[in-house]
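Novice: After the sequence you'll find the predicted model.
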Amino acid sequence: MEFKRLVNLDLSDCKGLFLFGPRQTGKSYWLRKKFPKSIYYDLLLSDLYFKLSRSPQILREELLAKQSIKKPVIIDEIQKLPKLLDEVHYLMERHQIKFILTGSSARKIKKGSANLLGGRALYQQLFPLVSAEIPNFNLSRILRFGSLPSIYKSKKAKALLQSYTSTYLKEEIHAEALVRKLQSFSLFLELAGRTNTELINYSNIAGDVGLSSNTIREYYHLLEDTFLGHLLSPYKKTVKRKPVSMQKFYFFDIGITNALTGQWGLTEGTTEFGRRFEHFIFNEIHAYLKYTEDSRKICFWRSKNHQEVDFVIGDNLAVEVKTGKEIRSRDLKGLKALSEEIPLKYKIIVSLSEKTSRLIEKQFLVLPYKTFLKKLWNEQFI
């Protein structure tokens, strides 16, 4: 099964492009398919890695020896050798060679002394598959096994996900010495999975893991830097109803969350099922904003007296996610409270069970989830 990816790889108006994303989202596969004639450097190959780590100038020497380079040069896993960016910078500026640089971690690039190419390269992110990329997508399968391309279509999805989480711990976290206590970090990951979509209580998690709250905060930022998830901040522009200050966290893929927690059996109507469905809608909105270069920020809203809305996008779109059999007036309380404070253009309830769209009280739009996703990806909520 082939998937047409939505990420924008157009280099016509830039000199280069960073393409970030976790492993197995399909970065290498998609680039090789789109640019089959490009020169390709894969830093996961140990001999190439050691050659360029000893002598980064070899990259320049090899490329300048070419008579003509019309396609972008691709360097895979650039975070493994950030000092190559000086050579890339030189070749982009002096010889107009275009580059696509992929990475499964931005930690060393953003927080080290690496050359960030002075804004000459665009930043793009590749996510697991979204509904608009999967013909007749299977929601039940995504809620159990996520949507990493190689796993979504596999008959051994569970085993592959379990292998993914253990391999990631070994290769990415331990091998790059990003954490000191691998066992504690492994426990943290499980707890982060169990509290996925919930408010983060750093002190509680720190107590369970046996580390400081500051270390737990750093671990969450590590997950963001390695594109394993996203910290969601609260919407704070309400005045009458004071918002909470705590954040939430969403892993980049639902299947990874299930693998970390061992929660494979999801029953519709349970709390866990509702959280996974909310997680699915978040992943779709988050990817949509990135792929379409929509500058609106996604937040959640919760007041200190427990009124809440799952997602607020910019200042004009609010989305509440529901898995109940029918939408009732109590399901509108959060949207009503928020709309009293800010002039929302769209007040939407995404329903798992309802089959047709309807308008409640002339302002609250109930949409079946497939209808919502179609409208979202058709950019109807601008």
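Specialist: Done, it's in. Here the structure is a predicted model, which is why all the values come from computation and not from measurement. Numbering: from 1, shown residues only.

Novice: residue contacts, the closest residue to Leu332 other than its chain neighbours?
Specialist: Nearest non-adjacent residue to Leu332, counting by CB to CB, 6 or more residues apart in numbering: Phe364, 5.5 Å away. In short, each C-beta sits where N, CA and C put it, glycine included. Residues near Phe364 by CB atoms under 8 Å, 6 or more residues apart in numbering: Leu332, Leu335, Lys347, Ile348, Ile349.

Novice: can you tell me the helix or strand for Ala337?
Specialist: Using DSSP states H and E, Ala337 sits in helix 333-339.

Novice: Can you give me the buried ones in that helix?
Specialist: Gly334, Leu335, Ala337, Leu338, Ser339 (16 or more other CB atoms under 10 Å).

Novice: repeat for stretch 90-106
Specialist: So, applying 16+ other CB under 10 Å, buried residues of stretch 90-106: Leu91, Met92, Ile97, Lys98, Phe99, Ile100, Leu101, Thr102, Gly103, Ser104, Ser105, Ala106.

Novice: The first one touches Leu85, doesn't it?
Specialist: No: the pair formed by Leu91 and Leu85 falls short of the contact definition of CB atoms under 8 Å, at 10.6 Å.

Novice: quick one, strands of the chain?
Specialist: With strands called from DSSP state E, the chain shows them at 16-20, 40-42, 73-76, 99-103, 121-125, 229-232, 248-251, 298-302, 308-313, 317-322, 346-351, 358-360, 364-368.

Novice: Strand 99-103 and the fifth one, what's the angle between them?
Specialist: So that's strand 121-125. If you take axes from the mean of the first three to the mean of the last three CA atoms, to 10 degrees, strand 121-125 sits at 40 degrees to strand 99-103.

Novice: In its sheet, which strands sit next to strand 121-125, and in what direction?
Specialist: Sheet pairing of strand 121-125 (DSSP bridges) gives strand 16-20 (parallel).

Novice: pLDDT on the partner strand, on average?
Specialist: For strand 16-20, mean pLDDT is 93.

Novice: ok, the residue of the chain most remote from its centre to Asn378 distance?
Specialist: Outermost residue of the chain with respect to the C-alpha centroid, by CA atoms, centre = their mean, is Gln67; its distance is 39.1 Å. Distance of Gln67 to Asn378, given as CB to CB, to the nearest Å: 45 Å.

Novice: what's the answer for His221, then?
Specialist: Counting by CB to CB - His221 and Asn378 are separated by 34 Å.

Novice: More neighbours: these two, which one.
Specialist: Ranked by neighbour count (other CB atoms under 10 Å), His221 and Asn378 place His221 first, with 13 against 9.

Novice: So for that one, what pLDDT did the model give?
Specialist: At His221, pLDDT is 91.

Novice: re earlier: between the contacts of Phe364, which is closest to Leu289?
Specialist: Proximity of the contacts of Phe364 to Leu289 (CB to CB) peaks at Ile348, which lies at 15.4 Å.

Novice: I'd like to know how many residues surround that closest one.
Specialist: 23.

Novice: Please apply the same query to Ile39.
Specialist: Neighbours around Ile39, by other CB under 10 Å: 16.

Novice: thinking again about what came up before, the strands of the chain: which one's closest to Ser28?
Specialist: strand 73-76 (5.6 Å).

Novice: Give the rounded mean pLDDT of the closest one.
Specialist: 97.

Novice: Pull it out as PDB, backbone CA atoms only.
Specialist: Extracted C-alpha coordinates of strand 73-76, given in PDB (Å, rounded to 0.1, in the frame of the first residue of the first chain):
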ATOM      1  CA  VAL A  73      21.900  16.600  -1.800                       C
ATOM      2  CA  ILE A  74      20.300  14.600   1.000                       C
ATOM      3  CA  ILE A  75      22.100  14.000   4.400                       C
ATOM      4  CA  ASP A  76      20.200  11.600   6.600                       C
END
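
Novice: Within its sheet, name the partner strands of that strand and how each one runs.
Specialist: When pairing is defined by DSSP bridges, strand 73-76 lines up against strand 40-42 (parallel), strand 99-103 (parallel).

Novice: can you tell me which of those comes nearest to Val73?
Specialist: Of all these, strand 99-103 sits nearest to Val73, with 5.1 Å by CB to CB.

Novice: Now do the shared contacts for Leu91 and Leu85.
Specialist: In contact with both Leu91 and Leu85: no residue, using CB under 8 Å, 6+ apart.

Novice: Give me the pLDDT value at the residue farthest from the centre of the chain.
Specialist: pLDDT, Gln67: 82.

Novice: Tell me the spacing between it and Ile100.
Specialist: 21 Å.

Novice: which residue is nearest the centroid of the chain?
Specialist: Phe252 (4.4 Å).

Novice: That one and Phe127 touch, don't they?
Specialist: Yes: the pair Phe252 and Phe127 qualifies as a contact (CB under 8 Å) at a distance of 6.9 Å.

Novice: Contact partners for the nearest residue to Tyr40 once chain neighbours are set aside?
Specialist: Spatial nearest neighbour of Tyr40, excluding adjacent residues (CB to CB, 6+ apart): Ile74 at 4.9 Å. Contacts for Ile74 (CB under 8 Å, 6+ apart) come out as Leu31, Phe35, Ser38, Ile39, Tyr40, Tyr41, Phe99, Ile100, Leu101, Thr102.

Novice: So in terms of bridging, what pairs with Ile74?
Specialist: Counting by DSSP bridges, Ile74 is bridged to Tyr40, Ile100.

Novice: I'd like the numbering to begin with 44 instead of 1 from here.
Specialist: In the new numbering, first residue 44, that becomes Ile117.

Novice: Arg318 contacts Gly236, correct?
Specialist: No: Arg318 lies out of contact with Gly236 (CB under 8 Å); the separation is 10.9 Å.

Novice: re earlier: could you export the strands paired with strand 116-119 to CSV, including columns for distance to Lys413?
Specialist: What follows is these, written out as CSV (distance: least, CB to CB, whole Å):
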stretch, distance to Lys413
strand 83-85, 38
strand 142-146, 32
